[in-house]
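S.K.: Kindly return the folded structure for what I paste below:
(2 chains)
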Amino acid sequence: MAEQTLVRPARIVEAIPFWQRRSVRRAATTIFATTVATIGAVVIMIPLLWMISTSLKTKFTALQLPPQWIPRPAHWENYPDALTFLPFHLFFRNTIMYATLTAFGETLSCSLVAYGFARLRAPGKNVLFLIVLGTLMLPYQVTMIPQYVLFKFLGWIDTWKPLIVPTFFGSAYLIFLLRQFYMSIHQDIVDAARIDGCSYFDIWWRIFLPLSRPALTAVALLSFMYHWNDYLGPLIYLSTTEKLPVSVGLANFTAAYGGTPWHWLMAASVTAVAPLVVIFFFMQRYFIQGIVITGVKG
Amino acid sequence: MMDRKRLSRREFLRWTGIVGAGALAAACAPAAPAPEAPAAEEAKEAAKEAVTVTWYVRTSPEEQPWEQEIVIPHFEEQNPNIKINLVIVPWDDFDTKMQAMIAAGDPPDIWSHWGPSGFQDYVIRGLVADQTPFIERDNFDLSDFIPEVLDIYKVDGKYYGLPILTGASYLFYNKKIFDDAGVPYPPTDWNDESWTFEAFLDVAQKLTKDPDDPTKAIYGFHDGTWPIDAWPWMWGQDLYPEEAYKTGFPTEAYLDSEKAIEAIQARQDLTFKYKVAPSPAATEALSAGGNPFHTGRVAMQAIGVWGWWVHKGLEEQFDFGAAALPIGAPGRKAVIFTDPWMLSSKSKHPDEAWEFLKFLVGKDSQKAYMEAVGAPPVRKSLQADFFNLYPSMTPDEAKEAFLGGVEHGSESPNHLLVRFDQINNVISSALDPVFLGEKPAAEVLPEADKELEKTLAQIRREFGQ
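M.R.: Below you'll find the predicted structure:
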């Protein structure tokens, strides 16, 4: 035994060709993976780079072929021009308010409703759940006009209310997502809480909410992203320019007959995308973790 | 007991938190609409009974400053009892939002056909008011309007729309490319009978260079016309019977006629046989940032009236001119596009809305519109100014080309046929194989004509015609 151990190292190093050495293979894998990832990243970055590049051109140089990737001179004035041509500071304020409030409302309401569907027993609960899921099948275009008429009746047209208030009553997709997560919480914990005297509401508040933090973060982020980009809802309900969100504000740069000022549109788009990139950069750990946990892709 | 009590106090605190957050949310929600209140009060101070007129327009970086900085301030200053509520909607969603507003009993008061629907679509749905009683009541002077243009939106002799802008389809050309190749410019005279399709093709061939290398190519021609009717019209062939443009409902289609086939084949040949026009893929690349003509790689472009405003300012890059469309066959027609202001038949304040419409078609607003947008005016007294807007054309050149087109044209079917959006989709997808170079026109058009007639019959049925 002792002899064998002593002899081994030298022999093995000689016996294995260099390309089979662990360190070499590891390095090769790393180089290969990095190359593939870099190529992928470049391909994905091209539209973003095009956006940034176009945002620094003039209306006519934006169209030149072949495109000039690094515009000289760089027209930085496109940014202030585009952002003041329409009141973008108001659009940003509106979007931030809209996305934050709706994300809060949806997370709160969906979590409570999902808890009910996951853990409480009631006659017809499954039928009710199917109805909730059924609302997913209805395209927005179908419900849009009846909803509009309803909100008109309430006098809510050209306000943010029709867009925000309904989110405090849940969203079928997020309810479904959270329900699946809640079903995986062990019954023993719930039973223990019952024995300790928790009410059903307590169980949700003290057991489910803390345990589902990653899932809730994912839900809140999904909801935030969705409402940040939401276009049709604000377009239909809002008319006053000062009340518009960024999504509709950007569409206001488009013009019929190819008259769209691309350099401005891109400058405004870069500005609109920037906050999302920053949020994703800092939150990606939660975002990806949450999606992995809930087993659903966004 | 102690435990339970402490618990519920904590619970109480938590509940307060939740309710508080909810209240905060509720308080924030109406934060946006708040500024409306003072504005409304100001209006009340200005006049006891301020009435709001909703003006529904498309998004456009050129039109918005005209609307917001010129029209509305001037109008409200002159009419302190009328407030204008400007609603700006992107083209794609123009009809969607309008439909929602109509369903909710809150239709826009003044609008133009700046979405997928055309004038006739709105008229047939009973959404457009007859403006004749107002015109007669106020003795509104129409003598300055081009008479033929004024007639386009008359229904049974009544005015259903007063025009904002008009113009035909033209052949715009890049003077630099012509000069470099030493080729004479195309004629501005629409009566010049030597300007046949063959003559045009010859010029296009002389100007085309390296059509297969998209990074270097100069194309002799790009087709920017719309709708497809523009091509048969150049051959003097209509796609529908004459009276269809009055009733809105074609009873048959002539897509399979000899002239139509010849015209569509000619368009295919420009790309695939003579290679003077960019291929579909090259067109896509050239259009990535907007209009292919602006890239400076297209010598001639046939395009609707909007050429006059999308090309405005292009002199910064190169000089350009406007010319007559070539004559495919005798009887060549150009497609005219005229936009009218319509007054809603469901308006709650028709008198105030008419007041505003009258202001919009007034000479001052029209002049400001022409200057802001570059759109050709409908008032005779403004035409001289319009022909001066293009530094690389002499006023006479611009005038001859422009007026010749109007003289040799008819209003576009998309404004005069009901559901043209649907009709156009059917034709476009049926003709795809031709314009992708897969099949000759003679093989595709008879089939396409049958399909088109089926669609026309279905539309007629739907409207009980």
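S.K.: which helices and strands does the host helix or strand of B:Trp55 pack with?
M.R.: According to DSSP states H and E, B:Trp55 maps onto strand B:51-58. The contact analysis (3 or more Cβ pairs under 8 Å, 6 or more residues apart in numbering or on different chains; DSSP states H and E) places strand B:51-58 against strand B:82-89, strand B:110-111, helix B:350-361. Placement of C-beta: from N, CA and C, glycine included.
S.K.: what residues does the shortest one touch?
M.R.: Strand B:110-111 is contacted by residues B:53-57, B:98, B:341-344, B:353, B:356-357, B:360 when judged by Cβ atoms under 8 Å, 6 or more residues apart in numbering or on different chains.
S.K.: how about 10 Å then?
M.R.: B:53-58, B:84, B:87, B:89, B:94, B:98, B:122, B:127-128, B:340-344, B:347, B:353-354, B:356-357, B:360 (Cβ atoms under 10 Å, 6 or more residues apart in numbering or on different chains).
S.K.: So what are the sheet partners of that strand and their directions?
M.R.: Here strand B:110-111 has these sheet partners by DSSP bridges: strand B:51-58 (parallel), strand B:334-343 (antiparallel).
S.K.: Tell me the buried residues in the strand holding B:Trp55?
M.R.: Buried residues in strand B:51-58, counted by 16 or more other Cβ atoms under 10 Å in any protein chain shown: B:Val51, B:Val53, B:Thr54, B:Trp55, B:Tyr56, B:Val57, B:Arg58.
S.K.: Kindly report the same for stretch B:205-224.
M.R.: B:207-209, B:211, B:214, B:217-224.
S.K.: Inside helices: which ones of those?
M.R.: If you go by DSSP state H, the buried residues of stretch B:205-224 have B:Leu207 in helices.
S.K.: Now do the contacts for the spatially closest residue to A:Asp158 that is not a sequence neighbour.
M.R.: The shortest distance from A:Asp158 to any residue other than its chain neighbours is 4.9 Å, reached at A:Ser239 (Cβ to Cβ, 6 or more residues apart in numbering or on different chains). Shown in contact with A:Ser239 (Cβ under 10 Å, 6+ apart): A:Ile157, A:Asp158, B:Thr54, B:Tyr56, B:Asn85, B:Leu86, B:Val87, B:Ile88, B:Val89, B:Lys97, B:Met101, B:Pro108.
S.K.: any low-confidence regions in the stretch 51-200 of chain A?
M.R.: A:63-66 (pLDDT under 70).
S.K.: Across the sheet, point out what pairs with B:Phe172.
M.R.: B:Gln301, B:Ala322.
S.K.: For my notes, confirm B:Asn414 occurs in a helix.
M.R.: Yes - under DSSP: H, G, I helix; E, B strand; the rest coil, B:Asn414 falls within a helix.
S.K.: Output the buried residues of stretch B:205-224 in JSON lines, with pLDDT appended to each entry.
M.R.: Shown next, in JSON lines, are those (pLDDT from 0 to 100):
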{"residue": "B:Leu207", "pLDDT": "96"}
{"residue": "B:Thr208", "pLDDT": "95"}
{"residue": "B:Lys209", "pLDDT": "94"}
{"residue": "B:Pro211", "pLDDT": "87"}
{"residue": "B:Pro214", "pLDDT": "75"}
{"residue": "B:Ala217", "pLDDT": "91"}
{"residue": "B:Ile218", "pLDDT": "94"}
{"residue": "B:Tyr219", "pLDDT": "96"}
{"residue": "B:Gly220", "pLDDT": "96"}
{"residue": "B:Phe221", "pLDDT": "97"}
{"residue": "B:His222", "pLDDT": "96"}
{"residue": "B:Asp223", "pLDDT": "96"}
{"residue": "B:Gly224", "pLDDT": "93"}
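S.K.: What about chain A: which of the buried residues of stretch B:205-224 touch it?
M.R.: Contacts with chain A within the buried residues of stretch B:205-224, as defined by Cβ under 10 Å from any Cβ of the partner chain: B:Pro214, B:Ala217, B:Gly224.
S.K.: So what does the second one have for phi and psi?
M.R.: Spelled out, it's B:Ala217. Note on B:Ala217: backbone dihedrals following degrees, to the nearest 10 are phi -60, psi 140.
S.K.: Next: B:Trp190.
M.R.: B:Trp190 has phi and psi values of phi -70, psi -10 when expressed as degrees, to the nearest 10.
S.K.: cool, B:Ser345 as well?
M.R.: Torsion angles, degrees, to the nearest 10, at B:Ser345: phi -70, psi -20.
S.K.: quick one: what helix or strand has residue 288 in it?
M.R.: Assuming you mean chain A. When elements are assigned from DSSP H and E, A:Ile288 belongs to helix A:262-294.
S.K.: my bad, chain B
M.R.: Judged by DSSP H and E, B:Ala288 forms part of no helix or strand.
S.K.: Where does the stretch 101-250 of chain A get nearest to chain B, which residue?
M.R.: Among the residues of the stretch 101-250 of chain A, A:Lys152 lies closest to chain B, at 3.7 Å counting by Cβ to the nearest Cβ.
S.K.: wouldn't that residue be in contact with B:Ala100 here?
M.R.: Yes - counting by Cβ atoms under 10 Å, B:Ala100 is a contact partner of A:Lys152 at 8.7 Å.
S.K.: what do those two both touch?
M.R.: By Cβ under 10 Å, 6+ apart, A:Lys152 and B:Ala100 have these common neighbours: A:Tyr237, B:Asp106.
S.K.: Who has more neighbours out of the two?
M.R.: Neighbours per residue, other Cβ atoms under 10 Å in any protein chain shown: of A:Lys152 and B:Ala100, the larger number sits with B:Ala100, 23 against 19.
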